[in-house]
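Visitor: Sequence plus predicted model, see below.
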Amino acid sequence: MTDDPVVVDGESLTPEAVERVAREGATVRIPDDARERVRESRERIVDIVESGQAVYGVNTGFGELVQERIPADDIEALQQNLVRSHAAGTGRELDEEEVRAMLVTRLNALVKGYSGIRERIVDLLAGMLNEGIHPVVKAKGSLGASGDLAPLAHLALVVIGEGEATVDGERLPGDEALTRKNLEPVTLRAKEGLALINGTQLTVGLASLVVCDAERAMRAADIAGAMTTEATMATTASSHASIQRVRPHRGQAESAENIRRLTQNSEIVESHRNCDRVQDAYSLRCLPQVHGAVRDSIRHLREAVETELNSATDNPLVFAAEEADDRASGTEGAAVLSGGNFHGEPLALRLDYATSGLSELTSISERRIDRMLNPNVQEEYLPPFLTERSGLRSGYMIAQYTAADLVSTNRSQGRPSVDNIPVSGNQEDHVSMSAQSAYVARETVESTLSVVGIELACAAQALDFVAGQAPGVGTEAAYQTIRDRLAHLDDDRPIHRDMEVMTEILCSDTLLENVEAALGAKLA
C-alpha cells in the first residue's frame, strides 16, 4: 500500500490516481471543502422531503414506475429495496482492482455535492477503500444507462450490511466484513440508494485503467518498432521531422520523434544509411502514421475519461435554487433536475474507438514480428525463427502464432456501443452498452501488451545476431532491460514464460523508466 493518500474532491481525479487506488492500494482522503458540499447537498434533499413535493428518486418509484408516489413512512424502505432489487448481476466476479476502481470513482462523483447523500455514506465508502473491504460484484448486468446499475447495486449492498465482501483474503457477509474493520453499515435515507447505483462508475473506472495500460502499450510499441527497425536494417528516414511537418497529425509527430530519439547514435542505422534499399515494408515505413493514429484514439479516450471522472452522473441532481430555473422541482432553497448524465455514450463510443486503434497496433506489431522470424522475408544474417540450428529448434516460431491469435481476437471484438435494447417498459428506450465497451477495451489492451511484448522479445533476440554494431541510446537501454530478465533463446524452451516476463516488464513500467533514464527525457 502506498503512503501518500489520493485526494478525492470531485474535481481533480485522474486515471493515474484511479490506478494508484485500484492497483497499488493507495488510501483516499476527502478534503473539508468537498465535505461541506456534501452537507449542503444533503440539506437540500431534507428540505424537499419535508416539503412533500413529488420528486423522482426521492419519493417516487423508479423507471417505468415513476408515477408511483411513495408515502413518507416508506421512503427509507424504498431506497433499501432499490439496492436489493437492482443487485441482479451475473457472470464472473470483478477482480479487486476493478472493484477498487469503481469505489473510488463513485466516491469522487458523490463528493461533488449534487447527489444529496449524507457525509456518513461517503465516509463509509472511503473507509471501505482504506481498510481493504471489497464488495463481491457480478460483472454482467449493466447497459450503461441508467448508468452501471446492477454492478453498482452489488457494491452498495455492502454499504447497507448485506451482500458479500472480501477482506484480508477472506470472503464474508457484508455486515461481518464491515465489523472486521470497525465500520458500521447504514440505513439508507431519501435518494441515497439511487445516488449509490445511478452512474457510470464501472465504465469510467475500467476506462481509467484502459487509458493507463493503452499509453504503456503505445510507448512500448514505439520502443519495439525502433528495435525492429534496427534489427531488420530498416531506415529511420521515414520518421524524419520534415515528413511529419507536412502532415501535422499530433500522434504521428510524437511517434516519429520517439523513433528518432530512441535510435539516436545508432551504429546499426548508420551502417546502411546509403544502401541500395529504397523503401521498407509498410509495417516499418508507416510506423509513425499507424502508431500516431492509435495515439490519437487513446488521447481522445483520455479526454473523455478525465471529464467523466470529475462529473456528477446520477439522476436527479440536486442544485441550489440559483443554479436552476423555475422549471425544476424542489423548494425555495433547492432545485432538483432530472436528466441523463448517467448515460455512458460519451465513454462507450471512445472506448470502441480506442479498441479499434489498439487492434491496429497489434496488427502492425505482428507484421514486424513476422519480418524478424520469417525466412522468406528476413535479412540473411538472421536465422529462420531467430534460432541457431533452425529445424532442430523452432525458436520463436510459435510466438508469432500467439500474436496472430491475439490480433484475430482483437479484430473480432466488435463495437458494443452501436447496440441498443430498450428496457424498463420502454421508459429507458436507448442505452449505451458502455460497460461492454469497457470490458472489450480492457481485454484488447491486455492482448496488445502481450503482442508488443512478443515483438520486444523477438527484437532483442534479433539484435543478438547484429554483430559489432551498437544500437541507439534508447534501444540499447531497452535491449539491456530485456536481457536483465530474459536470456538469449539458445536451446528451445517453453516460451510462454518469455512472454509472461515481457508483460511483467511492461506493466511494471521498468522498460519505459530505463529507456527514459538513458535518454535523459520523457518519451511522448
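Guide: Perfect, I can see it now.
Visitor: Mind pulling up the pLDDT for residue 212?
Guide: Looking at residue 212, its pLDDT is 98.
Visitor: And for it, the neighbour number?
Guide: 23 (other Cβ atoms under 10 Å). The C-beta positions use only the backbone N, C-alpha and C, and glycine is treated the same way.
Visitor: Which secondary structure state is assigned to it?
Guide: Put simply, residue 212 is helix when judged by DSSP: H, G, I helix; E, B strand; the rest coil.
Visitor: Which helix or which strand is home to residue 10?
Guide: Using DSSP states H and E, residue 10 sits within no helix or strand.
Visitor: now it, nearest residue through space, not along the chain?
Guide: The shortest distance from residue 10 to any non-neighbouring residue, by Cβ to Cβ, 6 or more residues apart in numbering, is to residue 112 (3.6 Å).
Visitor: Surely that neighbour and residue 37 touch.
Guide: Yes: here residue 112 reaches residue 37: they are 6.8 Å apart, a contact under Cβ atoms under 8 Å.
Visitor: overlap in contacts of these two?
Guide: Any residue near both residue 112 and residue 37 by Cβ atoms under 8 Å, 6 or more residues apart in numbering counts here, and that gives residue 10.
Visitor: residue contacts, residue 102?
Guide: Remark: with contacts taken as Cβ under 8 Å, 6+ apart, residue 102 is in contact with 94, 137, 148, 151, 152, 155, 201, 202, 205.
Visitor: From these, which land in helices?
Guide: By the criterion of DSSP state H, membership of the contacts of residue 102 in helices covers 151, 152, 155, 201, 202, 205.
Visitor: Check what pLDDT the first one gets.
Guide: It refers to residue 151. Residue 151 is assigned 97 on the pLDDT scale.
Visitor: next one: residue 327
Guide: pLDDT at residue 327 comes out at 58.
Visitor: The stretch 51-200 of the chain: helices as residue ranges?
Guide: Taking DSSP state H, counting those that start in this stretch as the test, the helices found in the stretch 51-200 of the chain are 75-86, 96-110, 119-131, 149-159, 174-180, 192-197.
Visitor: how about these, which one is nearest residue 476?
Guide: Closest of the helices of the stretch 51-200 of the chain to residue 476 is helix 96-110, at 33.6 Å (criterion: Cβ to Cβ).
Visitor: any idea of the mean pLDDT in the closest one?
Guide: Helix 96-110 comes out at a mean pLDDT of 98.
Visitor: Would you mark the buried spots in that helix?
Guide: Within helix 96-110, the residues that qualify as buried are 97-110, counting by 16 or more other Cβ atoms under 10 Å.
Visitor: C-alpha coordinates for that helix, PDB please?
Guide: Extracted in PDB, the C-alpha atoms of helix 96-110 (Å, rounded to 0.1, in the frame of the first residue of the first chain):
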ATOM      1  CA  GLU A  96     -10.100  -6.500  -6.700                       C
ATOM      2  CA  GLU A  97      -8.600  -3.700  -8.900                       C
ATOM      3  CA  GLU A  98     -11.900  -3.400 -10.800                       C
ATOM      4  CA  VAL A  99     -13.900  -3.100  -7.600                       C
ATOM      5  CA  ARG A 100     -11.500  -0.500  -6.100                       C
ATOM      6  CA  ALA A 101     -11.700   1.500  -9.400                       C
ATOM      7  CA  MET A 102     -15.500   1.500  -9.000                       C
ATOM      8  CA  LEU A 103     -15.400   2.500  -5.400                       C
ATOM      9  CA  VAL A 104     -13.000   5.500  -5.800                       C
ATOM     10  CA  THR A 105     -14.800   6.800  -8.900                       C
ATOM     11  CA  ARG A 106     -18.200   6.500  -7.300                       C
ATOM     12  CA  LEU A 107     -16.900   8.300  -4.200                       C
ATOM     13  CA  ASN A 108     -15.500  11.100  -6.300                       C
ATOM     14  CA  ALA A 109     -18.800  11.600  -8.100                       C
ATOM     15  CA  LEU A 110     -20.700  11.800  -4.800                       C
END
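Visitor: and the angle for that helix with helix 149-159?
Guide: 90 degrees (axes from the mean of the first three to the mean of the last three Cα atoms, to 10 degrees).
Visitor: okay, now the closest residue to residue 231 other than its chain neighbours: neighbour count?
Guide: Excluding the flanking residues, the one nearest residue 231 by Cβ to Cβ, 6+ apart is residue 462, at 3.6 Å. By the criterion of other Cβ under 10 Å, residue 462 has 24 neighbours.
Visitor: OK, contacts around residue 462?
Guide: 228, 231, 232, 372, 382, 386.
Visitor: Contacts made by stretch 371-384 with the rest, please.
Guide: 228, 231-233, 281, 283-284, 370, 385-386, 390-391, 395-397, 399-400, 458-459, 461-462, 465-467.
Visitor: what does stretch 167-186 give?
Guide: By Cβ under 8 Å, 6+ apart, the list of residues contacting stretch 167-186 reads 118, 120-121, 124, 127-128, 131-136, 157-166, 192.
Visitor: which of those residues count as buried?
Guide: The neighbour count (16+ other Cβ under 10 Å) marks 118, 121, 124, 127-128, 131-136, 157-166, 192 as buried among the contacts of stretch 167-186.
Visitor: rewinding a little: mind putting the contacts of residue 102 into JSON lines with neighbour count and distance to residue 444?
Guide: Shown next, in JSON lines, are the contacts of residue 102 (neighbours: other Cβ atoms under 10 Å; distance: Cβ to Cβ, whole Å):
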{"residue": "94", "neighbour count": "24", "distance to residue 444": "18"}
{"residue": "137", "neighbour count": "30", "distance to residue 444": "22"}
{"residue": "148", "neighbour count": "33", "distance to residue 444": "20"}
{"residue": "151", "neighbour count": "29", "distance to residue 444": "20"}
{"residue": "152", "neighbour count": "28", "distance to residue 444": "24"}
{"residue": "155", "neighbour count": "29", "distance to residue 444": "25"}
{"residue": "201", "neighbour count": "29", "distance to residue 444": "21"}
{"residue": "202", "neighbour count": "33", "distance to residue 444": "17"}
{"residue": "205", "neighbour count": "30", "distance to residue 444": "17"}
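Visitor: For the stretch 251-400 of the chain, just list every one of the helices.
Guide: Using DSSP H, counting those that start in this stretch, helices in the stretch 251-400 of the chain cover 267-271, 282-285, 287-309, 345-373, 397-411.
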